[in-house]
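> 3D model of this:
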Amino acid sequence: MKISFIAHDKKKDEIIEFVKRYKEVFEHHEIYATGTTGRMISEQIGLKVHRFLSGPLGGDQQIGAKIAEGQMDIIIFLRDPLTAQPHEPDVSALVRLCDVHSIPLATNIGSAEVFAKALRSREIVK
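Predicted coordinates:
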């Protein structure tokens, strides 16, 4: 599966800890991420990551384009709901594209955990 990771600045540490917990799951999938998040996953966890631009510089839109083209399976986007984001229209567009194309979208650690556990159990079934 093609899985994208995105995290607002205040959620970067949380997404890194999450990916570390499920490294054995994610290493069997194609990983994509926006700029800084992708660099951190690659450097700190050692997973191969296809990196896009930073979110505010167009990375959210690049992932959105992949969704529109049918080239993304799951999005894990840890959003910071308490901080205004200068690229909020891009964030809204990404969420909208996930809804339009029925792409599973986790926007908090609780839903991300559900996705990771489902992927883990799927791996066991194989």
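> Can you give me the buried ones in whatever helix or strand residue 94 lives in?
Assigned by DSSP states H and E, residue 94 falls within helix 88-100. By 16 or more other Cβ atoms under 10 Å, the buried positions in helix 88-100 come out as 90-91, 94-95, 97-98. Every C-beta, even on glycine, is put in place using the N, C-alpha and C of the backbone.
> Please apply the same query to stretch 63-83.
Residues 63-64, 66-67, 72, 74-79 are the ones in stretch 63-83 that count as buried (16+ other Cβ under 10 Å).
> which among those gets closest to residue 46?
Distance to residue 46, by Cβ to Cβ, is smallest for residue 76 among the buried residues of stretch 63-83, at 18.1 Å.
> For residue 23, see how far away that closest one is.
14 Å (Cβ to Cβ, to the nearest Å).
> need the helices for the chain, in chain order.
12-21, 23-26, 35-45, 59-68, 88-100, 109-125 (DSSP state H).
> of all the ones you listed, which lies closest to residue 1?
Short answer: helix 109-125, nearest of the helices of the chain by Cβ to Cβ, at 7.4 Å.
> which other helices and strands contact the closest one?
helix 12-21, helix 23-26, strand 74-78, strand 105-106 (3 or more Cβ pairs under 8 Å, 6 or more residues apart in numbering; DSSP states H and E).
> follow-up on the earlier one: ok, the buried residues of stretch 63-83 vs residue 104, which is closest?
Set against residue 104, the nearest of the buried residues of stretch 63-83 by Cβ to Cβ is residue 74 (5.1 Å).
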